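In: Build me a model from this:
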Amino acid sequence: MLTKQGPEGGVLLGPDWVADATYEARVLVAGGNTYLDGVNSRINALPEFSPERADLEDTLLASLAQAQFDGEGRIVLSQALLEHAGLSAPGEAVFVGRGRNFQIWEPKAWAEREAAAKSRLRAQLQTMGRS
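Out: Numbers count the residues shown, from 1 in each chain. This next block holds a predicted model:
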């Protein structure tokens, strides 16, 4: 269960600064210890004083915080996180599993992202001789 994987049994949550190559995706990322271990491994693989390492530490790592839950077990998003993801409260959101973590998207933004990903995949498969 994810809630038992995070620090002290919680879930880390924050803006997903690396969700796409433009670093402009309006999406949130959440995960437990497995996700945090993966992030730290990727950061630690970079040279200690490199700008890339500093950027990841200053954006992704610095923005992760313990997720808050309401009495029914739902994630409670701060106003800053709602604004980052283009969400309203109360409102709808799309939760997308990504292996070690999950993302929280505004439904229209996710639909656009999903359609673009399917289009790219279709083109890649055609290039590989599959359809």
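In: which residues of the protein fall in helices?
Out: 33-44, 51-56, 62-63, 79-85, 107-127 (DSSP state H).
In: Let me see the mean pLDDT of the third one.
Out: Think helix 62-63. Averaged across helix 62-63, the pLDDT comes to 90.
In: start at 42 instead
Out: Sure thing, new numbering starts at 42, so read that last one as helix 103-104.
In: which residues are contacting it?
Out: Contact with helix 103-104 is made by 55-56, 58, as judged by Cβ atoms under 8 Å, 6 or more residues apart in numbering. (Each C-beta comes from the backbone N, C-alpha and C, glycine too.)
In: Rebuild the helices of the chain as a markdown table, extending it with distance to residue 137 and mean neighbour count.
Out: Output for these, formatted as a markdown table (distance: least, Cβ to Cβ, whole Å; neighbours: other Cβ atoms under 10 Å):
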| stretch | distance to residue 137 | mean neighbour count |
| --- | --- | --- |
| helix 74-85 | 14 | 15 |
| helix 92-97 | 21 | 14 |
| helix 103-104 | 19 | 14 |
| helix 120-126 | 12 | 16 |
| helix 148-168 | 7 | 12 |
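In: Reformat those helices as TSV; add distance to residue 66.
Out: As requested, these are exported to TSV (distance: least, Cβ to Cβ, whole Å):
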stretch	distance to residue 66
helix 74-85	16
helix 92-97	15
helix 103-104	14
helix 120-126	9
helix 148-168	7
